[in-house]
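[1] any chance you could fold what I've pasted below:
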Amino acid sequence: MGNGDTRVRGIAARAGGWSARHRWAAVGIWVLFVVLAMGLGSAAGRVDVKDSDQMGGETHTAARIVEDAGIDEPASESVLIQAKDGKLTATDAEFRAAVTAVVEAVEGTGEVTGVTSPYEAKTISKDGRSALVQFDMRGEADTAGERVEPVLKAVEGVQKDHGSLRIEEIGGASMMKTFDDAFGDDFQKAEYSAVPVALGILLVAFGALVAALVPVALAITAIVATMGLMGLVSHFQPMSDTANSVMLLVGLAVGVDYCLFYLRREREERAAGRDAQTALRIAAATSGRAIVVSGVTVCVAMAGMLFTGIAEFEAMGLASLMVVAVAMVGSVTVLPALLSLLGERVEKGRVPFLRRRQRRGTEEGSRFWTAVLRRVLAKPVLAAAVAVGALLAVAAPAVGMKTQNLTLDQEFGDSLPIVQTYNRVNDAFPGGSDPAEVVVKADDINAPEVRAALADFRERAVSSGASRGPVDITMHDEQNVALVYVPLVGGSDQDKAGESLDKLRDDVRPATLGTVDGVEAPITGQVAGNKDFNDQLVGSVVPVFVFVVVFAFLLMLLSFRSLTVAITSIVLNLLSVGAAYGILVAVFQHGWGASLVGAEGVGAIVTWLPLFLFVILFGLSMDYHVFVVSRIREARLRGRTTRDAIQHGVVTTAGVVTSAAVIMVAVFAIFGTLSMQSMKQMGVGLAAAVLIDATVIRGVLLPAVMSLLGERNWYLPKWLHRLPDLTHDEAPEAVAPPARDDEGERVGV
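    Predicted coordinates:
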């Protein structure tokens with residue numbers, strides 16, 4: 001093949017060719033885009049998801065009523081006063097003195113309002129050994145955590161003076177401050193450590209500092225540009241801090257991977273004797289095309305989250321979609337320009353030890369995968385059966401998956417003192433720390449029939465067994481709204497508390513407030529929010545699943561013009577996701593090997609994770625699949641037999657797939673080190689799935705299945721021949737003369 005006359009076709013190839021010829025223009029346009037996106041985004045500001053848009057069902061209705069009425073619910077706090085030895089009771093003089101001291105101490109801070117004594121509010125436990133002093137924080141509830149420290153110190157002072165009693169504060173503000181102090185830097189540390197980790201792995205993979213810096217630099221600029229775009233887009237689709245963290249996670253993993261694929265292919269072609277221009281053109285026509293196909297597939301998968309109807313998910317989906325699209329565009333435009341500018345200087349900053357180790361590791365890796373493939377291709381039926389059996393066995397625990405929003409003690413264990421306080425309050429006052437809240441709206445909240453219905457609801461809530469009381473009612477006469485607080489029987493036990501909630505919604509409310517015309521009475525609160533969130537999420541599973549699978553199938557079909565490749569792509573991805581689910585359930589629900597990853601068996605998987613993992617993993621796993629299958633198809637187009645093409649495609653991509661997988665696993669594993677169990681679940685689930693996908697799926701099952709299918713891998717029914725042909729980006733003519741069989745006929749693939 002000539003070195004200077006190579007001609008390429010297709011979007012990725014044309015973009016790469018233009019960028020290589022107009023190097024400074026391509027780099028300048030990219031820098032201008034990043035600066036403009038960030039500048040405009042900062043100027044526009046970011047609109048975050050409102051509480052009223054976070055949930056669906058009754059929780060959403062309740063939040064909307066409160067928001068429309070302009071009611072600012074303050075952050076409520078409670079101080080638990082409890083006998084340590086069980087001898088003192090609320091009637092004893094020492095106990096009463098402690099209550100008085102707490103009331104005076106918190107009032108003296110000037111930060112609270114509405115302080116109520118347990119003797120007035122009747123917040124004394126049935127055994128008489130526990131009592132609650134309740135009050136509200138002044139000012140905005142969202143910032144109450146910043147003002148609660150003087151109150152906490154005042155309560156600590158009272159505790160020092162009453163050693164025989166346990167005096168502890170808990171509430172929205174104190175929990176906010178505790179979590180900010182303990183875990184506020186958790187995400188930031190994870191985000192900051194992800195970049196050095198990725199850079200370190202790339203340095204080992206390339207053995208040269210400049211080559212390692214290029215992918216990281218492009219990924220970071222893609223993330224910065226997307227942050228700006230999020231500000232602009234948030235005025236149409238509100239964003240959130242969670243969406244920001246997910247965007248960074250996905251953007252770093254995908255951005256580095258795409259550049260890695262491109263850079264590795266360009267270096268490979270130059271090592272084979274191509275000149276710089278030809279090597280770039282071949283990389284654009286092959287890896288560039290694989291990046292475009294993979295990027296579009298990932299974007300489609302992320303778009304699936306827009307079908308949940310949950311604002312937080314929609315924000316995460318849109319943010320992830322944008323960063324993938326930006327990283328994809330950058331990889332096929334500015335990256336060729338940078339490589340053209342750098343030339344041989346991309347090898348600058350070589351680390352001799354790492355260089356030798358990288359070369360030796362590549363050779364050993366190739367030998368390893370060659371040995372594995374030799375056995376897989378020798379006995380493909382056995383290899384496929386063992387791989388599928390192993391994946392199904394790993395996925396088996398997922399059949400009994402239980403999802404719920406984790407309670408405070410499940411999320412943080414006993415690592416924080418406030419968790420123990422939370423448990424003690426729930427034991428003494430079941431449901432008191434997380435009461436259900438009934439938001440009652442009427443044309444006239446003081447009408448006799450409404451007042452009677454409220455009184456009847458309060459009485460029946462207790463008589464029905466849903467609550468042990470006390471049921472408190474706060475009237476907002478001007479807004480014609482009443483807020484009814486009902487401690488649920490079951491407390492922190494989500495299943496029992498859920499049964500109490502059902503009694504309120506299905507029995508108590510219809511028989512009381514439901515009999516008055518014009519009265520709305522949605523029930524919200526933590527338990528209700530969990531249930532409504534679960535119901536909405538379950539309802540969105542089918543449309544999201546169908547959307548992602550169908551569009552991924554169509555993209556594979558159009559990109560490879562093979563019905564077989566499209567079907568096997570979907571099946572293999574589903575096996576990978578199933579295995580990840582099984583690991584999650586085994587580790588976090590049943591606790592099998594949980595200590596190995598610094599986690600605990602908490603009896604459930606956090607509600608949002610299964611759907612989130614499905615969308616993320618289905619998209620990200622296409623990275624490897626498209627890259628490997630594209631290389632196999634390219635080798636087949638060059639005239640190799642299907643068996644040889646499979647071996648060539650898997651072995652030649654083993655190094656880059658391994659490096660990409662190691663980066664993804666390392667970045668995701670960082671989130672597995674965070675203190676929150678939900679973040680551990682996300683990190684472990686993503687890391688395990690990528691590891692399985694890059695090894696068992698791509699290294700064993702894919703070649704075994706393709707070997708068994710033989711030429712049927714490229715089967716496309718005649719009635720589908722009219723579909724658009726998106727395979728031309730591969731341009732076999734760009735890399736070699738047309739492949740021909742022994743009779744001189746061109747091979748059709």
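
[2] longest single helix anywhere in the protein?
    Looking across the chain with DSSP state H, the single longest helix is helix 526-560.

[3] residues making contact with stretch 371-383?
    Here stretch 371-383 makes contact (CB atoms under 8 Å, 6 or more residues apart in numbering) with 643, 646-647, 650-651, 699-701, 703-705, 707-708. Quick note: C-beta positions are derived from backbone N, CA and C, even for glycine.

[4] then stretch 547-563?
    293, 296-297, 300-301, 303-304, 307, 565-567, 569-570, 573, 614-615, 618-619, 622, 626, 629, 633, 713-717, 720, 723-727.

[5] can you rerun that using 7 Å?
    Contacting residues not belonging to stretch 547-563 are listed as 293, 296-297, 300-301, 304, 307, 565-566, 569-570, 615, 618, 622, 629, 633, 713-717, 720, 723-727 [CB atoms under 7 Å, 6 or more residues apart in numbering].

[6] next secondary structure after the longest helix of the chain?
    Note on helix 526-560: by DSSP states H and E, the next helix or strand toward the C-terminus is helix 563-584.

[7] buried set for that following helix?
    Residues of helix 563-584 classed as buried: 563-566, 568-570, 572-584 (neighbour count, 16 or more other CB atoms under 10 Å).

[8] that one vs helix 526-560, what angle?
    Relative orientation of helix 563-584 and helix 526-560, computed by axes from the mean of the first three to the mean of the last three CA atoms, to 10 degrees: 150 degrees.

[9] state the number of residues packed around residue 542.
    For residue 542, the count of nearby residues is 10 (other CB atoms under 10 Å).

[10] residue 314 contacts residue 306, correct?
    Yes. Under the criterion of CB atoms under 7 Å, residue 314 makes contact with residue 306 at 5.3 Å.

[11] ok, the two, which is more surrounded?
    Between residue 314 and residue 306, counted using other CB under 10 Å, the more crowded position is residue 314 (21 against 18).

[12] you'd agree residue 79 is in a helix?
    No. Under DSSP: H, G, I helix; E, B strand; the rest coil, residue 79 sits outside any helix and is assigned strand.

[13] skipping adjacent residues, who's closest to it in space?
    In space, and not counting its chain neighbours, residue 79 is closest to residue 133: 4.3 Å by CB to CB, 6 or more residues apart in numbering.

[14] SS state for the one you found?
    Residue 133 ends up strand, using three-state DSSP.

[15] let's see the pLDDT reported for residue 588.
    With respect to pLDDT, residue 588 has a value of 90.

[16] for it, give me its contacts.
    Going by CB under 7 Å, 6+ apart, residue 588 touches 594, 599, 601-602, 605, 681.

[17] residues near residue 262, how many?
    Residue 262: 29 surrounding residues under other CB under 10 Å.

[18] and the one 3 residues further on, by the same measure?
    Applying other CB under 10 Å, we find 25 residues neighbouring residue 265.

[19] need the contact list for residue 572.
    By CB under 7 Å, 6+ apart, residue 572 lies in contact with 625, 697, 701-702.

[20] without its sequence neighbours, what residue ends up closest to residue 158?
    Nearest residue to residue 158, sequence neighbours excluded (CB to CB, 6+ apart): residue 101, at 4.7 Å.

[21] helices and strands around whichever strand or helix holds the one you found, which ones?
    For residue 101, the host element (DSSP H and E) is helix 93-108. Helix 93-108 sits against strand 76-83, strand 112-116, strand 130-137, helix 149-161, strand 165-171, with contacts defined as 3 or more CB pairs under 7 Å, 6 or more residues apart in numbering; DSSP states H and E.

[22] how close does residue 386 get to residue 25?
    Per CB to CB, to the nearest Å, residue 386 is found 53 Å from residue 25.

[23] restricted to helices, list the contacts of stretch 371-383.
    Here DSSP H is the test, and these give 643, 646-647, 650-651, 703-705, 707-708 as lying in helices.

[24] what's the most distant pair in the residues you listed?
    651 and 708 (18.9 Å; CB to CB).

[25] looking at those two, which has the bigger crowd around it?
    For the pair residue 651 and residue 708, the greater number of neighbours falls to residue 651 (20 against 14), based on other CB under 10 Å.

[26] isn't that one right up against residue 369?
    Yes. Counting by CB under 7 Å, residue 369 is a contact partner of residue 651 at 5.2 Å.

[27] any low-confidence regions in this protein?
    Along the chain, the model assigns pLDDT under 70 to residues 1-10, 51-55, 182-189, 191, 352-366, 414-415, 431-433, 491-493, 725-749.

[28] which residues of it fall in strands?
    With DSSP state E as the criterion, the chain has strands at 76-83, 112-116, 130-137, 165-171, 403-404, 436-441, 472-476, 481-486, 523-524, 605-606.
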